[in-house]
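Enquirer: pasting the structure only:
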């Protein structure tokens, strides 16, 4: 199928990791792959146009853009719809027909205060001593308690849903102490099963694992080695998995789960599974499993817009412009346009652990600006402890950003409830809110709902920046009121997080 791009028409869609390449125009030369380009974020078979058109596929499809034409790699079950006028109307039409919001909502605590993840701070050294030290440090340094995610390394082995007793001798006591500090606690889980683990034979013999095209257990390479993968198209495997998670909740008081992996790279289109489906669509079966828990988080999702899952951006590099801070706004906007309204822009400072190893110095200015940008988004997630990695004056600025996020918490909760009811994103592109006013290419500022304009600083050493203000009256974070319909220049010292509220 070929779709010619109109003059001054802009397109968004398919791939969250490609958000930085958006919008697509008649001058673009690119590919958007439904399987991604090495990063496992969220995807959907959807393209949206500023002219009020959209393309939706009932099967996964990728596109090539060249010479002003969008070409899909298949025409099987692909629909194109026109006549909606603008980006917002096209999104709402697509959402209403193809991924209407269920009305469900993740736990409100996700939006009210920051989340804390132990990954960058502890790596796989997830011992009770280290976890409790981190949790006490959060509270002792004035940060509000929120959701605490204990990342990979807590369990005996992949596929065994029990705490590693040499690391965590008394899991219930640890959980009780974390709860007493005010945290709700999530555990890292995945569809991965260690192929030499003690549970492996039982899981294999029950038929819970994916098999390759030859009928052998599929052993797949991933970032920690080679492992088997659960077949979530098998209802009995799903039932068993839920029983393991329920055991952790009932026995130890675990509140929810971070569902990691499940990317298309773990699967093959010719896998022998209970319900034959594409590799891409197997991710969706994993999403269905996790939606049952109000405290959930996914990095990988496919065609699951409208559902009550927390969608986190792929692990970001600790950089300004190389898959780092530069991706937060365009990729978070893409999440919303693909129906993933409850989105988290990864961990402050980046979630790629290799960027924090090897003795490389931390860029403190980057960390502060990252925290400020996150503070203006619906969710904020911390990992590296500010009091440990920053000078006191910069740690104080991060605490200010955290307090700002908490101050806006009720507004984020309202926007989340609105998303559950109407399907409208929390984080919105300028073109979405103010169509056909020349804002389609703006990727360094965004809207929270319709009345807060966020303009964080995204480049090193910048102490002033320009801000495009739409028509109306806008009150800045420093109390200055501006007339809209103009581009202004504001001062942005390191201690400032620029944003504007529409007052008229």
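Expert: Okay, I see it. Everything numeric here is computed off the predicted structure, so don't read it as measured data. Numbering: from 1, shown residues only.
Enquirer: name all residues that make contact with residue 439.
Expert: Remark: with contacts taken as CB atoms under 8 Å, 6 or more residues apart in numbering, residue 439 is in contact with 429, 430, 431, 468, 470. (C-beta placed from N, C-alpha, C; glycine too.)
Enquirer: using the three-state scheme, assign the third one.
Expert: Translated: residue 431. Secondary structure state of residue 431, per DSSP: H, G, I helix; E, B strand; the rest coil, is helix.
Enquirer: mind checking how far it is from residue 52?
Expert: Residue 431 sits 12 Å away from residue 52 when distances are taken as CB to CB, to the nearest Å.
Enquirer: can you list residues touching both of these two?
Expert: What both residue 431 and residue 52 touch, as defined by CB under 8 Å, 6+ apart, is the set 86, 87.
Enquirer: just the buried ones among the contacts of residue 439, please.
Expert: Under a neighbour-count criterion of 16 or more other CB atoms under 10 Å, the subset of the contacts of residue 439 counted as buried comprises 429, 430, 431, 468, 470.
Enquirer: can you list these in TSV and add pLDDT and distance to residue 105?
Expert: Formatted as TSV, the entries for the buried ones among the contacts of residue 439 read as follows, by pLDDT from 0 to 100; distance: CB to CB, whole Å:
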residue	pLDDT	distance to residue 105
429	98	23
430	98	26
431	98	26
468	98	32
470	98	29
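Enquirer: one step back: how about the contacts of residue 439 in JSON lines, adding distance to residue 284?
Expert: Putting the contacts of residue 439 into JSON lines (distance: CB to CB, whole Å) gives the following:
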{"residue": "429", "distance to residue 284": "25"}
{"residue": "430", "distance to residue 284": "31"}
{"residue": "431", "distance to residue 284": "28"}
{"residue": "468", "distance to residue 284": "37"}
{"residue": "470", "distance to residue 284": "37"}
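Enquirer: for residue 122, state which of those residues is nearest.
Expert: When the contacts of residue 439 are compared for distance to residue 122, the smallest value, 36.0 Å, is given by residue 429; criterion: CB to CB.
Enquirer: residues contacting residue 81?
Expert: Counting by CB under 8 Å, 6+ apart, residue 81 touches 53, 54, 55, 56, 90, 93, 94.
Enquirer: following the longest helix along the chain, which helix or strand shows up next?
Expert: Identified as the longest helix of the chain according to DSSP state H is helix 235-252. Taking DSSP states H and E as the definition, the helix or strand that follows helix 235-252 towards the C-terminus is strand 256-259.
Enquirer: I'd guessed residue 346 sits against residue 311; true?
Expert: No. Between residue 346 and residue 311 no contact is recorded; they are 10.9 Å apart, counting by CB atoms under 8 Å.
Enquirer: and those two? Which one has more around it.
Expert: residue 311 (29 against 26; other CB atoms under 10 Å).
Enquirer: could you give the number of residues near residue 107?
Expert: Other residues within reach of residue 107, judged by other CB under 10 Å, total 18.
Enquirer: so it makes contact with residue 297?
Expert: No. With the criterion set as CB under 8 Å, residue 107 and residue 297 do not qualify as a contacting pair; they are 10.7 Å apart.
Enquirer: low-confidence stretches in the stretch 301-450 of the chain?
Expert: Counting by pLDDT under 70, the stretch 301-450 of the chain shows low-confidence ranges at 359.
Enquirer: any chance you could map the helices in it?
Expert: With DSSP state H, counting those that start in this stretch as the definition, the stretch 301-450 of the chain shows helices at residue ranges 328-337, 364-375, 386-389, 392-407, 409-422, 430-433.
Enquirer: buried ones in the fourth one?
Expert: Put plainly, it is helix 392-407. Counting neighbours by 16+ other CB under 10 Å, one finds that the buried residues in helix 392-407 are 394, 395, 396, 397, 398, 399, 400, 401, 402, 404, 405, 406.
Enquirer: quick one: residue 485 from residue 158, how far?
Expert: Relative to residue 158, residue 485 is positioned 56 Å away (CB to CB).
Enquirer: show me which of these two is the more surrounded one.
Expert: Remark: of residue 485 and residue 158, residue 158 carries more neighbours, 23 against 11, as counted by other CB under 10 Å.
Enquirer: which ones are touching that one?
Expert: Residue 158 makes contact with 190, 192, 193, 194, 197, 224, 227, according to CB under 8 Å, 6+ apart.
Enquirer: and residue 323, by the same measure?
Expert: Listed by CB under 8 Å, 6+ apart, the contact set of residue 323 reads 39, 316, 317.
Enquirer: what's the closest of the residues you listed to residue 370?
Expert: Nearest to residue 370 among these: residue 316, at 8.7 Å, using CB to CB.
Enquirer: what count of nearby residues applies to the closest one?
Expert: Using other CB under 10 Å, residue 316 is surrounded by 25 other residues.
Enquirer: that one contacts residue 352, correct?
Expert: Yes. Counting by CB under 8 Å, residue 316 touches residue 352, with 6.2 Å between them.
Enquirer: identify the contacts common to those two.
Expert: Between them, residue 316 and residue 352 share no contacting residue under CB under 8 Å, 6+ apart.
Enquirer: could I get the contacts of residue 81 as a markdown table with pLDDT, distance to residue 145 and neighbour count?
Expert: Supplementary listing: these in a markdown table, determined by pLDDT from 0 to 100; distance: CB to CB, whole Å; neighbours: other CB atoms under 10 Å:
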| residue | pLDDT | distance to residue 145 | neighbour count |
| --- | --- | --- | --- |
| 53 | 98 | 46 | 23 |
| 54 | 98 | 42 | 24 |
| 55 | 98 | 44 | 24 |
| 56 | 98 | 42 | 22 |
| 90 | 98 | 41 | 28 |
| 93 | 98 | 41 | 19 |
| 94 | 98 | 39 | 27 |
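Enquirer: among those residues, which two are most distant?
Expert: Using CB to CB, the two most remote members of these are 55 and 93, lying 12.1 Å apart.
Enquirer: all helices for the stretch 151-300 of the chain, in order.
Expert: Secondary structure of the stretch 151-300 of the chain, counting by DSSP H, counting those that start in this stretch: helices at 171-180, 200-205, 235-252, 279-290.
Enquirer: between those, which one is nearest to residue 263?
Expert: Across the helices of the stretch 151-300 of the chain, the minimum distance to residue 263, taken as CB to CB, is reached by helix 279-290, at 6.7 Å.
Enquirer: average pLDDT for the closest one, rounded please.
Expert: Per-region confidence: helix 279-290 scores 97 on mean pLDDT.
Enquirer: and the contacts of that helix?
Expert: Under the criterion CB under 8 Å, 6+ apart, residues 34-35, 43, 60, 191, 232-233, 238, 241-242, 257, 259, 262-264, 266-269, 271, 273, 277, 296, 298, 300-304, 307, 309 lie in contact with helix 279-290.
Enquirer: show me how to select, in PyMOL, the buried members of those.
Expert: Buried members of those, defined by 16+ other CB under 10 Å, are picked up in PyMOL with:
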select buried, resi 34+35+43+60+191+232+233+238+241+257+259+262+263+264+266+267+268+271+273+277+296+298+300+301+302+303+304+307+309
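Enquirer: counting contacts, what elements does the helix or strand hosting residue 135 pack onto?
Expert: Counting by DSSP H and E, the element that carries residue 135 is helix 128-140. Counting contacts by 3 or more CB pairs under 8 Å, 6 or more residues apart in numbering; DSSP states H and E, helix 128-140 packs against strand 115-117, helix 119-122, helix 171-180.
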